[in-house]
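Kindly generate the corresponding structure for this input.
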Amino acid sequence: MGGSKQVKQKQKKKKSPHDLVEPPKEPYHLRDDGFRTCQAFADGNIPPVGQPRVHLSRDVAPLEIPYQCAGPAYDKFGNDLQELIDMKAARTTSTSSSRLWGRRSTPIPTHAAIAASDTPPTFILFWGSTQLRQIVAALLCQYSEWVISVRHIYASRQPSTKSHAWQIILHPNIHMFVVINPPFVYLNDKWQDLLERHILNMPLAMMDMVVMSKFFRYAPKYGVALEEFWMDFEDDWTVPDTVNEEPIDLVDLLLPSDHTEGGIAYEGPILYVSWFAPYGTKEYNRVVEVIDALKEGRPLPADATRDNHKMAQLEHAYQKPQAEQHEGLTEEAEERLAHKVAPPRTTTKKTSTKKKKKKVGHGGQRRLEEEEEEQTTTLAKRTNLMAIDARKYVEVLGECATSTIENVGTCLTDTKHELYSKGPRCFGDKGGHADLVAWDIIEAIYSLIWRKH
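Next up, the predicted model:
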């Protein structure tokens, strides 16, 4: 009597949300202590000072690393950097939340739950000046094994502007947009439309997170770059003849926008990163004051922005009840925002102080002490904003800026040199400032994105 033979098939083990996703390729080089500095020069392939720099492949450095350094001044800086890393490592314990600083296996949360095929891709926008580009270049170099592709979206024909845009895809389904010195940030009423249509190809609201820095003040070269951008991308060749000397800043992303159905230009998490140069400190302090005020729901500081009109708009926007801010959302917008970080909570409280009588002095004399009636309306709370000070390690390590780009340089030691404190930061076989700030950014990304999930 014939019978069919039953074959037991092994069931696939169901992935746990805590299972880590594996990178698509082997790491180029990892340090023995687990810290992920950019190891593009770990094999000792950096030439001596004064020689032409190394042109690295994208497998090693997905974004080009031009500011390469060597020599005694850099070696001293690198040794001090290693001491700082060792000191921070010694202070953390196995249960400390900071134990993963500089040691995370992935730059962005990529656990199986996030990497599931039915989960939307993660989109992150990095945009700012060339100083932010140095940090992003370090981050991608640290985690080059996760990078799948790099696409150059835009490059200005004015080399001095260093205006570029890239789309970088990381495994498993992470899309990073890196936009540096875009010329349209001097158009207060058009920047979002141009960014969405020509760089992102999607609404800004689709970004899971925005990492930004201060942009440079307007200069004629950006005007020329704007004309070129307009001619290349716009059907209407009537280039706007009015630009602002001050570029957009963090506040512009917090303001109501004609291009966003939900009202605010961007409601998702925002991380602000200051410049390495000391003249970015004032803007960083201003940003921190705005973030703290919105986090606590208190009135904004008087100098929250240099533009009084922006200040009035910001206060007005965040005094609205949440229901009023989102009134009129389309079904598509509601669905799109559903998986983002929860919108700002709105709380309103009123405090009033009535007139009081108080006995003072001698002989039964009375003095009426009148206190004016006060009424304070708190602002809508916005708790998904953070800021990082890129100069936080300078006090310990010194500046280590360089003045060369095509040849290998070293850390400037002449304090009177114009680029001593504001020049681009050195990259080398011992790491650099950009590595440390990249680690801070990664921790902030984990914090803000995990809140969403």
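
Tell me where the stretch 201-350 of the chain has helices.
Remark: helices assigned in the stretch 201-350 of the chain by DSSP state H, counting those that start in this stretch are 220-233, 250-254, 281-296, 308-319, 322-325, 331-338.

Who are the contact partners of the residue sitting nearest the centre point of the chain?
For the chain, the residue nearest the mean C-alpha position is residue 211 (1.9 Å; CA atoms, centre = their mean). Remark: with contacts taken as CB atoms under 8 Å, 6 or more residues apart in numbering, residue 211 is in contact with 124-128, 132, 270-271, 273, 441, 445. All C-beta spots, glycine's among them, are computed from the backbone N, C-alpha and C.

switch the cut-off to 7 Å
Contact analysis of residue 211 by CB atoms under 7 Å, 6 or more residues apart in numbering lists 124, 126, 271, 273, 441.

of all those, which two lie farthest apart?
Largest separation among the contacts of residue 211 by CB to CB: 124 and 273, giving 13.0 Å.

neighbour-wise, which of these two wins?
Between residue 124 and residue 273, counting by other CB atoms under 10 Å, residue 273 is the more crowded of the two (29 against 23).

doesn't residue 386 make contact with the more buried one?
No. Shown here, residue 273 and residue 386 do not form a contact pair, counting by CB atoms under 7 Å, at 9.6 Å.

Low-confidence stretches in this structure?
Filtered on pLDDT under 70, the chain yields the residue ranges 1-21, 28-30, 93-97, 110-119, 261-262, 303-308, 320-379, 452-453.

hey, which strand is longest across it?
For the chain, the strand with the greatest residue count under DSSP state E is strand 147-155.

next one: the helix or strand following that strand to chain centre, how far?
Next along the chain after strand 147-155, taking DSSP states H and E as the criterion, comes strand 164-170. Centroid separation for strand 164-170 versus its chain: 14 Å, with CA atoms, centre = their mean, to the nearest Å.

Parallel or antiparallel, which strands does strand 164-170 pair with?
Here strand 164-170 is paired, per DSSP bridges, with strand 147-155 (antiparallel), strand 174-180 (antiparallel).

Out of the ones you listed, which is the most enclosed?
When you average the neighbours per residue for each of the strands paired with strand 164-170 (mean count of other CB atoms under 10 Å), strand 174-180 leads with a mean of 23.

contact partners of that one?
For strand 174-180, contacts defined as CB under 7 Å, 6+ apart pick out 108, 121-127, 129-130, 132-133, 136, 162-170, 199-200.

Please, a PyMOL command that selects the buried ones among those?
Of the contacts of strand 174-180, the buried ones can be selected in PyMOL as follows, counting by 16 or more other CB atoms under 10 Å:
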select buried, resi 108+122+123+124+125+126+127+129+130+132+133+136+162+163+164+165+166+167+168+169+170+199+200
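
in stretch 178-194, what's buried?
Of the residues in stretch 178-194, 178-188, 191-192, 194 count as buried by neighbour count, 16+ other CB under 10 Å.

I misspoke; the intended subject was stretch 387-397.
Quick answer for stretch 387-397 (16+ other CB under 10 Å): 387-391, 393-394, 397.

measure that stretch end to end?
Distance across stretch 387-397, first residue to last, is 21 Å (CA to CA, to the nearest Å).

try stretch 407-416
End-to-end distance (CA to CA), stretch 407-416: 22 Å.

I'd like the helices of the stretch 201-350 of the chain written out as JSON lines, with mean neighbour count and distance to residue 88 added.
Output for the helices of the stretch 201-350 of the chain, formatted as JSON lines (neighbours: other CB atoms under 10 Å; distance: least, CB to CB, whole Å):
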{"stretch": "helix 220-233", "mean neighbour count": "17", "distance to residue 88": "39"}
{"stretch": "helix 250-254", "mean neighbour count": "22", "distance to residue 88": "28"}
{"stretch": "helix 281-296", "mean neighbour count": "18", "distance to residue 88": "22"}
{"stretch": "helix 308-319", "mean neighbour count": "16", "distance to residue 88": "37"}
{"stretch": "helix 322-325", "mean neighbour count": "14", "distance to residue 88": "40"}
{"stretch": "helix 331-338", "mean neighbour count": "12", "distance to residue 88": "38"}
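
on that earlier part again, how much space between the residue nearest to the centre of the chain and residue 173?
Relative to residue 173, residue 211 is positioned 19 Å away (criterion: CB to CB, to the nearest Å).

same thing with residue 278?
From residue 278 to residue 173 the distance is 39 Å (CB to CB).

With residue 107 instead?
14 Å.

got it, and residue 404?
According to CB to CB, residue 404 and residue 173 sit 39 Å apart.

same check, this time on residue 269
According to CB to CB, residue 269 stands 19 Å off from residue 173.

And the two? Which one has more around it.
Neighbour count, other CB under 10 Å: between residue 269 and residue 173, residue 269 has more, with 25 against 18.

any idea whether residue 85 is helix, strand or coil?
helix (DSSP: H, G, I helix; E, B strand; the rest coil).

Contacts only, for it.
By CB under 7 Å, 6+ apart, the contact set of residue 85 is 35, 102.

Now with 8 Å, please.
Going by CB under 8 Å, 6+ apart, residue 85 touches 33, 35, 102.

Show me which of these are buried.
Neighbour-count burial within the contacts of residue 85 applies to 35, 102; the criterion is 16+ other CB under 10 Å.
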